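Asker: Task: produce atomic coordinates for the following.
(one chain, ligands or ions: 1)
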Amino acid sequence: MTQTISIRDRNRRQLQPLQVPERLLLGPGPSNAHPTVLQAMSTTPLGHLDPAFLALMDEIQALLHYVWQTDNAMTIAISGTGSAAMEATIANSVEPGDVVLIGVMGYFGNRLVDMAQRYGADVRTITKPWGQVFSLDELRTAMDTHRPRILALVHAETSTGARQPLEGVGDLCREFNSLLLVDTVTSLGGVPIFLDEWGVDLAYSCSQKGLGCSPGASPFTMSDRAQEKLQQRQTKVANWYLDSTLLGKYWGPERVYHHTAPINLYYGLREALRLIAEEGLANCWQRHQKNVEYLWDRLESIGLTMHVEPEFRLPTLTTVRVPDGVDAKAIARQLLTEHNIEVGGGLGELAGKVWRIGLMGYNSRPENVDRLVDALQQVL
Ligand SMILES: *Cc1c(COP(=O)(O)O)cnc(C)c1O
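Answerer: So this is what the prediction gives:
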């Protein structure tokens, strides 16, 4: 026992200052944060009720309105990763016994199912093979069958690379007096998105994918319709940390302490959003589209094929098929150790069958496409 402790002490003294390998993160997330964002995050923290910090929170709200194209008053950052913001939408909108219809076309649809069940929802699902999306007709049939209080869909299914079209879905939900909840974790900042025009009532995202920040401060928004349902609740929101009424008192004019915001992450998020505003949202979307098309061309030129039909492919995340006889994991490992490039492997139905290549935020640049495809060609 004494000996163990002394060895531990010796190891502790021998630890060198932190050194992190320089990786190019072209997987499903995180992506590399923009250098300006990293610089902002290394600034001294302010107090969480300092007027200068409160002003920065206001700026985050205004910038989130812009990138999401929404006027929702309740638009904030959740202190946590995308999953925390995901849970915030569920915790605030679902009451025990509510019928919640979830479109499952990949891994993150299943996570929504798990979360909604934990909050006591009567969960109904519709499913698609991984890589496909739901048509408006299919959604209509399911809405008619299940009559849910909430319909939940994943806009950008990071496990498959498929983009779920949302045009008309908000109107459909209004016909059935349902709320529309949408996962925009891998779409915000990289894929055209119009929350208000599409009639989305609850949405969430993260900081470390299309926004080009580090993980930990995650966008969350609720429409007035979603707020009304919240106000009519018979039961308390079963999650203190994510209760939007309490959070609203910190983000709104009352400025009541709720939790200590991760100050430096909020600096980073503010800068990441500002950079998108500086570039222009439409330009940012176009850049993602242009670079991903370049990626597809270059991958095809070395004989590889994409898993998703062109019409429904995401600009932020591409699933590329692993050729027969190739060990997907070994190739990914080699890309990391020999070329310092991270790509993702397949999940669930697609395990071992695809690689997942992300071009998100700051990383969506032609030189990254070249570096990846050159390296991939070498290791293959
Ligand atoms: C990454 C991701 C999440 C979870 O976000 P974390 O930041 O990892 O908690 C949820 N949904 C989708 C579609 C994602 O890609």
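
Asker: got the residues of this structure near the ligand?
Answerer: Within the chain, the positions lying close to the ligand (C-beta under 6 Å from any ligand atom) are 29, 81-83, 86, 108, 154, 156, 158, 183, 185-186, 206, 215. Any C-beta I mention is one placed from the backbone N, CA and C, and that applies to glycine too.

Asker: among those residues, which are in strands?
Answerer: Counting by DSSP state E, the part of the residues of the chain next to the ligand found in strands is Val154, Ala156, Asp183.

Asker: quick one, what contacts the last one?
Answerer: Taking C-beta atoms under 8 Å, 6 or more residues apart in numbering as the contact definition, Asp183 lies against Met86, Phe108, Leu112, Ala152, Leu153, Val154, His155, Ala156, Ala203, Tyr204.

Asker: could you dump these to TSV with distance to Phe312?
Answerer: Output for the contacts of Asp183, formatted as TSV (distance: C-beta to C-beta, whole Å):
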residue	distance to Phe312
Met86	22
Phe108	16
Leu112	19
Ala152	19
Leu153	13
Val154	13
His155	11
Ala156	10
Ala203	20
Tyr204	22
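
Asker: nearest to the ligand, of the residues you listed?
Answerer: The ligand lies nearest to Phe108 out of those, by C-beta to the nearest ligand atom, at 3.9 Å.

Asker: Spatially nearest residue to the closest one (excluding sequence neighbours)?
Answerer: Nearest residue to Phe108, sequence neighbours excluded (C-beta to C-beta, 6 or more residues apart in numbering): Val154, at 5.0 Å.

Asker: on that earlier part again, out of the residues of the chain next to the ligand, what pair is the most spread apart?
Answerer: Using C-beta to C-beta, the residues of the chain next to the ligand span at most 18.5 Å, a distance reached by Val154 and Pro215.

Asker: Between these two, point out the one with more neighbours.
Answerer: Regarding Val154 and Pro215, a neighbour count based on other C-beta atoms under 10 Å identifies Val154 as having more, with 31 against 17.

Asker: for that one, what are its contacts?
Answerer: Val154 makes contact with Gly103, Met105, Gly106, Phe108, Gly109, Leu112, Gln164, Val182, Asp183, according to C-beta under 8 Å, 6+ apart.

Asker: Please name the bridge partners of it.
Answerer: Beta-bridge partners recorded for Val154 (DSSP bridges): Asp183.

Asker: where along the stretch 1-150 of the chain do the helices fall?
Answerer: 2-14, 35-41, 51-68, 82-93, 107-118, 136-146 (DSSP state H, counting those that start in this stretch).

Asker: For those helices, which has the smallest mean pLDDT value?
Answerer: Per-segment mean pLDDT for the helices of the stretch 1-150 of the chain reaches its minimum on helix 2-14, at a mean of 64.

Asker: Please tell me how far the spatially closest residue to Ser42 that is not a sequence neighbour sits from the ligand.
Answerer: Once flanking residues are discounted, Ser42 sits nearest to Asn264: 7.5 Å by C-beta to C-beta, 6+ apart. Here Asn264 is placed at a distance of 17 Å from the ligand (C-beta to the nearest ligand atom, to the nearest Å).
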